[in-house]
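J.: model the following, please.
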Amino acid sequence: MRGKSLASLLGLLFCLCSMSVLSHSEDKQANLQKMLLSDDAFQAILQFYQYDKDIPLDGDVVEKTDEKEYVREKIVFRGANDYRIPGYLAIPKAGTPPYPCVLQIHGMTLSKEDFWRNDSYHRGHLLTQALLGEGFAVLALDAQYHGERIIFNDFQSTLIMLFRKQRINRLREMVVQTVVDYRRAIDYLETRKEIDPNRIGVIGYSLGGAMSFVLAGVDSRIKVIIACVSPTFIRQIFPNQQNISAIAPYNFVRAINGRPTLMLMGKNDDFNYTVEEARALYNLIDGESKEIVFYDSGHRLPEEHISKALEWFKNHIK
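T.: The predicted structure follows:
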């Protein structure tokens, strides 16, 4: 009899704990719903990401490296604000063109080089090699104020810009400009006979993960989305939440419209999001072709996330 009572008590405690977790998760979802832009406001925000398509791309290949399994080109093209945008486009030798292409978006303080360096923080070089080995082309740009474009931030780290100087508006401008640059990069890819413009995916890390959501939300040419350790912007990290509404991923997932979306997140990445916040963002994504995976890590995901990302791309745009 005592055993049954103990079992009943444990069962009750389990239910109460489950209800507490569920309630906490529901609170996050409710809070996020309150932060969403109205449809009219979202349509107004989309205007920030439009650009004059009549501006000539003036694309050029300024450097070429011929390797055994791929050819890597350093390309430049004209951005919407008349700046020259540098990037790396690598085309595999295996398989038959036109190839699917994956856009790679780095995180804050990093650059396009981090998709090629062996010591890259987010292990992006491993994914680059894996994608090329499977017959995907890859393209990575320097985000505004990063890499070769740091000159436009007075050669200072974006961490100084954001956390020491609290230039939130400049962060917003950086994201908007970078997303438009990637839209122009897709325009450039459409001029390359080696690339299939109907099979373009994107993967971003950290702030690049947030930009992956934004890019997919403003450009339907993105067919597959992978966001790695993307900050959710749900908490009041910034002084004025309205300042970042134009770049917050939760405002753009509404426009994904069922496209395959994968979120690869760390369980202990508490500065950028909690597990509940990540799930609240995930729950906003429409459609059944979506998945979220939590690794036992912080902001730097374990190497095993590479095989998951590669599998997602192979299943959806290969």
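J.: who does residue 90 form a beta bridge with?
T.: residue 72, residue 138 (DSSP bridges).
J.: going forward, count from 885.
T.: All right, first residue 885 from here; so that's residue 974.
J.: can you verify my assumption that it contacts residue 959?
T.: No - the criterion here is CB atoms under 8 Å, and residue 974 misses it with residue 959 at 10.4 Å. Backbone N, C-alpha and C define where each C-beta goes, glycine included.
J.: so what are the sheet partners of whichever strand or helix holds residue 1176 and their directions?
T.: Per DSSP states H and E: residue 1176 is located in strand 1174-1179. Partner strands for strand 1174-1179, per DSSP bridges, with pairing direction: strand 1145-1150 (parallel).
J.: and the next element down the chain from the strand it pairs with?
T.: Heading C-terminal from strand 1145-1150, the first helix or strand you meet, by DSSP H and E, is helix 1159-1167.
J.: now what about the strand holding residue 1176, what contacts it?
T.: For strand 1174-1179, the surrounding residues in contact (CB atoms under 8 Å, 6 or more residues apart in numbering) are 1144-1151, 1159, 1162-1163, 1166, 1185-1186, 1188-1189, 1192, 1196.
J.: which of the residues in that strand are buried?
T.: Under the neighbour-count criterion of 16 or more other CB atoms under 10 Å, strand 1174-1179 has 1174, 1176, 1179 buried.
J.: can you say which of the contacts of strand 1174-1179 are buried?
T.: By 16+ other CB under 10 Å, the contacts of strand 1174-1179 give 1144-1150, 1159, 1162-1163, 1166, 1185, 1189, 1192, 1196 as buried.
J.: circling back: give me the distance from the next helix or strand after the strand holding residue 1176 to the chain's centre.
T.: The element immediately downstream of strand 1174-1179 (helix or strand, assigned by DSSP H and E) is helix 1189-1201. Relative to the centre of its chain, helix 1189-1201 is centred 15 Å away, using CA atoms, centre = their mean, to the nearest Å.
J.: buried residues, helix 1189-1201. List them.
T.: So, applying 16+ other CB under 10 Å, buried residues of helix 1189-1201: 1189-1190, 1192-1194, 1196-1197, 1200-1201.
J.: let's have the residues you listed in JSON lines, adding distance to residue 1068.
T.: Formatted as JSON lines, these follow (distance: CB to CB, whole Å):
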{"residue": "1189", "distance to residue 1068": "29"}
{"residue": "1190", "distance to residue 1068": "28"}
{"residue": "1192", "distance to residue 1068": "30"}
{"residue": "1193", "distance to residue 1068": "25"}
{"residue": "1194", "distance to residue 1068": "27"}
{"residue": "1196", "distance to residue 1068": "25"}
{"residue": "1197", "distance to residue 1068": "22"}
{"residue": "1200", "distance to residue 1068": "24"}
{"residue": "1201", "distance to residue 1068": "21"}
